[in-house]
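Q: Return a 3D structure for these sequence lines:
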Amino acid sequence: MNETMKIIFAGDTFPVPKNYELFSAGKTKELFGERICELFQTADYSVCNLEGCLTDTGEAVEKIGPSVKAPTATLRALSEIGLKAATLANTHTLDFGETGHNEMRAALEANHIEHFGTGDSIEEIKTHVTVERKGRRVILYTVTELFPFNTPGKRRHGANGYDEYAVCRELFALKQSCDFLVVLYHGGAEMTHYNTKLIRKRFHRMADNGADIIVSQHTHAVGFEEHYNGAYLLYGQGNFCFNLSPHVSELNATGILLEVDFGSEGFSVKKHLVKRTALGCEYDGEQDFLAFEERTKRHDRLLAGDEEAEAEFDRQFSAYCSSFWLPRLLGVFRGINPDDDKALEGRSGEEAADYLTSRYTKRQLMAIRMMLQNDEFNEIAAAFIAGAIENKD
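A: This next block holds a predicted model:
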């Protein structure tokens, strides 16, 4: 049989208040444009990451960061476009607790959309779905980085979290029962084109254990690609239709819709750029992958031992960390400090980082780095802080 099976992989997707009405009415062309709708209709199967909780009654859990929800009725547009499955292993799926999680799964099932990546307990997580079409058998596996609010327990709902030994062992076993194995990984550094060394190492290990395709979601920005040991790795797919932030930047304005044909001789990948619109997204007529290709070539040179390329990767990632995360991290460590609040007013991210860094000695910064890099210190700090949080209640 020479026919290929086509699967469409969409990035982060979720309704936001300004397009609830369009989603609820199933206005697919107004939301996604005609070309994208056609792509979904020509696919044998399609999947997206559902970046939030579909609920009408769930109460938000106490957490750091936004709690993302939409009415269950908004699922209509995704059903109308032909979506076949949704990954739920992400950082927002448990934003509205078990009630919201249960409502979302019930709504997906009512719309004949498969879901995977979560479960009622750590023993009951559904890690993958199997797609069989045209003589091909493809397994889609999903996993996420864990946080306190999406970590499963013996009697607690949660998501499939990345544990390298457990994940790689499961991937190795799954590959024995399918033609192709795809991993949808939810994690990495948000809002940057350059993913971390840790993520790149994880992708290589998953590929070594049988993954044919690995896609990094969650970053909300397009990254770069790699061909490794026969596998295709996409570091940063970007958004499909997730206009949560009102601010449109070069980073969150585009995403990649990934079209993969699975055949008897292997698989082929085709990338489609989609761009954000006021109310949704549409096919990008320019399809300009120049910056993407430049980052990919730089990464290839890095892997080949090019010190200049590695230095550029490190520089870009450090610049992102310094402007976005460093002021947040050091500010949290400083605790309640009215003097800081006053001094930081009106400062840019870089200026805030410079000011807060100046409030620490070199040895204090070295101690913070040691505690963040050391696994044992991480565990000790997490246990101590958990106790401190309970004392605040």
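Q: Quick check: mean pLDDT of the helix or strand residue 363 falls within?
A: Using DSSP states H and E, residue 363 sits in helix 362-373. Average pLDDT, helix 362-373: 90.
Q: just checking, what packs against it?
A: Counting contacts by 3 or more C-beta pairs under 8 Å, 6 or more residues apart in numbering; DSSP states H and E, helix 362-373 is packed against helix 375-392. C-beta coordinates here come from the backbone N, C-alpha and C atoms, glycine included.
Q: how would you label the residue lying farthest from the centre of the chain: helix, strand or coil?
A: What lies farthest from the middle of the chain is residue 339; by C-alpha atoms, centre = their mean that is 36.4 Å. Secondary structure, DSSP: H, G, I helix; E, B strand; the rest coil: residue 339 is helix.
Q: Go ahead and name everything in contact with the helix holding residue 363.
A: 333, 357, 360, 377, 378, 381 (C-beta atoms under 8 Å, 6 or more residues apart in numbering).
Q: let's see 6 Å
A: residue 377 (C-beta atoms under 6 Å, 6 or more residues apart in numbering).
Q: tilt between it and helix 375-392?
A: 90 degrees (axes from the mean of the first three to the mean of the last three C-alpha atoms, to 10 degrees).
Q: and the helix or strand residue 49 falls within, what does it pack onto?
A: According to DSSP H and E, residue 49 maps onto strand 45-50. Contacts defined by 3 or more C-beta pairs under 6 Å, 6 or more residues apart in numbering; DSSP states H and E place strand 45-50 against strand 5-13, strand 85-87.
Q: Now mean pLDDT and distance to residue 231 too, for those strands, in JSON lines please.
A: As requested, those are arranged in JSON lines below (pLDDT from 0 to 100; distance: least, C-beta to C-beta, whole Å):
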{"stretch": "strand 5-13", "mean pLDDT": "98", "distance to residue 231": "15"}
{"stretch": "strand 85-87", "mean pLDDT": "98", "distance to residue 231": "19"}
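Q: highest average neighbour count across those strands?
A: strand 85-87 (a mean of 27; mean count of other C-beta atoms under 10 Å).
Q: Pull out the buried positions in the helix holding residue 363.
A: The neighbour-count check on helix 362-373 (16 or more other C-beta atoms under 10 Å) flags nothing as buried.
Q: For it, output the C-alpha coordinates as PDB.
A: What follows is helix 362-373, C-alpha atoms only, in PDB (Å, rounded to 0.1, in the frame of the first residue of the first chain):
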ATOM      1  CA  LYS A 362      28.700  38.400  44.200                       C
ATOM      2  CA  ARG A 363      28.800  35.700  46.800                       C
ATOM      3  CA  GLN A 364      25.000  35.900  47.300                       C
ATOM      4  CA  LEU A 365      24.400  35.500  43.600                       C
ATOM      5  CA  MET A 366      26.900  32.600  43.500                       C
ATOM      6  CA  ALA A 367      24.900  31.000  46.400                       C
ATOM      7  CA  ILE A 368      21.600  31.400  44.500                       C
ATOM      8  CA  ARG A 369      23.100  29.900  41.400                       C
ATOM      9  CA  MET A 370      24.400  26.900  43.400                       C
ATOM     10  CA  MET A 371      21.000  26.300  45.000                       C
ATOM     11  CA  LEU A 372      19.200  26.500  41.600                       C
ATOM     12  CA  GLN A 373      21.600  24.200  39.900                       C
END
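Q: where's it relative to the chain centroid, distance-wise?
A: Taking C-alpha atoms, centre = their mean, to the nearest Å, the mean C-alpha location of helix 362-373 is offset from the chain mean by 28 Å.
Q: same thing with stretch 128-136?
A: With C-alpha atoms, centre = their mean as the basis, stretch 128-136 stands 23 Å off its chain's centre.
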